[in-house]
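next input, structure requested:
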Amino acid sequence: MLESLSARFAIEQTMNKKLKKILSKGFFPQAAAIAVRAGKNIRAGKAFFGASVARANFFGLKPKKKTVSQTRPWQYGGEEIEPKKKTVSQVFSKMGAQDQIVFAKRLAILIKSGVSIVAALDILKRQSVSKGSKRVIGYLRDCVDRGQSLAKSMESYSNVFGHFGVSIILVGETSGTLVQNLHYLADELKKKQELRRAIVSALIYPAFIVVATIGIVIMLTAYVFPKILPIFSSFKAELPWSTKVLIAVSNAMQMYWMYYLAGLAVLIIIWSLLLRIPSVRYATDRFLLQIPLLGPMFRGYYIANFTRTFSLLLKSELGIIQTLRIVGGTIGNTAYQKAFEKIIDGVARGESVAENMEKEKLLFPPLVSQMVSVGEMTGHLGSSLMYLSEMYEDEMNNSTKNLSTIIEPMLMIFMGLLVGFIAMSIITPIYGITQSLHQ
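Below you'll find the predicted structure:
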């Protein structure tokens, strides 16, 4: 009996030495697999394998941690999901917003029903219609089947799920609230989709009017007017200044249209390259928030999104610094990203979130900073943020409905002046020629 116990103790000591190297690097799934294969503690190994992304001790060992400044936006509790080099299929794989919503909801229902994650992903893969969704879900299923966590697998498709999606799944796996967090993710994606659709639908009509006006002007200038021009040339009458301007524009469009198109393409390329410069991108994003009519609507869109994300992450019991990092990383506006970086630095120094928000009144209106301050003082910051999100969503809906009503008269006046100028430039000399013939 003593010999068997001593032999078992020697095996455990050897295993501990092997596991120490792996655990110190944070490779929890590999360590769990070794423990299971060795038969050291199958139940503990499987449990540890299922919580591979948690900050766990295994045989009294802890993974190395990084400081807050070194952590990535999608980290939780100091553990880092190391990004791997993406393949071409991963970079270009697409999964629509509606597909992501359905994926999160159905996965939550299947897991709640007692279906394993691997089996649930297999079912969702078979039910998917689009090739992109099949490819993404199939990849997740294979990774989870090999022992990776769902969040670790999703990180390979961060261009699809985003850092918020990866982070909230990671928190759910760690805290045992995966089903609840999947519902949070589905609700968040649905709200963002509704807000995005509201903005797009509000801008479609003005964009259509502008494009139609430009098309009519090009057609009249490049095709209709050149056919009437010989009539003017046959008479030696003095032409009005508006007609002379139109003749010059028409000749330039006929002779140099290729150069104009090439110049437009070059300008687009140059502008896209300039937007990669952080200072230019920051100035552009900040300018968009100051445009009359559109600026308040964009600002409301960003506030509604980040307050909801902020609230959901706080409900998941994520730390305030990590929450702010994730929120800042999910906003598609560099002005807000810079602002959240400053807020993080302020909170790290012991200041409040509301105190730092008050310094950026353009990005955070007084109502936002005041509600955040109330939430911090009462200990109900998540509820205050959710109230702000709902309020700004309602405001966004009203703004998008009224946008077309406000812009329509201005667009009609602009279109009427432009088309009227061209019409008068053509009709005025014809009227003058007719009068000279009668005389």
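
residue ranges with poor pLDDT in this protein?
Screening the chain residue by residue with the criterion pLDDT under 70, one finds the ranges 1-93, 234-237, 435-439.

and the residue lying closest to Leu275 once chain neighbours are set aside, how many neighbours?
What sits nearest to Leu275 in space, not counting adjacent residues and going by C-beta to C-beta, 6 or more residues apart in numbering, is Arg281, at 5.1 Å. Where C-beta positions appear, they are placed from N, C-alpha and C, glycine not excepted. Residue neighbour count, defined by other C-beta atoms under 10 Å, stands at 16 for Arg281.

in the helix or strand Arg281 falls within, what counts as buried?
Using DSSP states H and E, Arg281 sits in helix 278-288. Neighbour-count burial for helix 278-288 flags 281, 284-286 (criterion: 16 or more other C-beta atoms under 10 Å).

likewise stretch 413-422?
Of the residues in stretch 413-422, those with enough neighbours to count as buried (16+ other C-beta under 10 Å) are 415, 422.

rewinding a little: a markdown table please, covering the buried residues of helix 278-288 and showing distance to Leu312.
Written out in a markdown table, the entries for those read as follows (distance: C-beta to C-beta, whole Å):
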| residue | distance to Leu312 |
| --- | --- |
| Arg281 | 27 |
| Thr284 | 29 |
| Asp285 | 24 |
| Arg286 | 27 |
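
within the helices and strands, which one has Gly332?
Gly332 is part of no helix or strand, with elements assigned from DSSP H and E.

can you check the one 10 residues further on too?
According to DSSP H and E, Lys342 maps onto helix 334-348.

pull the residues that contact that helix.
Residues outside helix 334-348 that contact it (C-beta atoms under 8 Å, 6 or more residues apart in numbering): 68, 278, 281-282, 285-286, 289, 302, 306, 320-321, 324-325, 327-329, 331, 352-353, 355-357, 359-360, 363-364.

distance of the residue lying closest to Leu388 once chain neighbours are set aside relative to Leu318?
Leaving aside its chain neighbours, Leu388 sits nearest to Thr307 (4.4 Å; criterion: C-beta to C-beta, 6+ apart). As defined by C-beta to C-beta, to the nearest Å, Thr307 lies at a distance of 15 Å from Leu318.

looking at the two, which is more packed in?
Per other C-beta under 10 Å, whichever of Thr307 and Leu318 has more neighbours is Thr307, with 25 against 22.

for the longest helix seen in the chain, packing partners?
For the chain, the helix reaching the highest residue count under DSSP state H is reported as helix 381-438. Using 3 or more C-beta pairs under 8 Å, 6 or more residues apart in numbering; DSSP states H and E as the contact test, the elements touching helix 381-438 are helix 178-219, helix 225-234, helix 241-274, helix 294-315, helix 366-378.

same list (these) but as a markdown table, adding distance to Gly96.
As requested, the helices and strands packed on helix 381-438 are exported to a markdown table (distance: least, C-beta to C-beta, whole Å):
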| stretch | distance to Gly96 |
| --- | --- |
| helix 178-219 | 9 |
| helix 225-234 | 45 |
| helix 241-274 | 24 |
| helix 294-315 | 18 |
| helix 366-378 | 31 |
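
out of those, which gets nearest to Ile407?
For Ile407, the closest of the helices and strands packed on helix 381-438 is helix 178-219, at 5.0 Å, according to C-beta to C-beta.

okay, the angle between that closest one and helix 225-234?
In terms of direction (axes from the mean of the first three to the mean of the last three C-alpha atoms, to 10 degrees), helix 178-219 departs from helix 225-234 by 20 degrees.

going forward, count from 109.
Okay, residue one is now 109; in that scheme the one you just asked about reads as helix 286-327.

tell me what helix 286-327 is packed against?
Using 3+ C-beta pairs under 8 Å, 6+ apart: helix 286-327 touches helix 205-220, helix 266-283, helix 402-423, helix 489-546.
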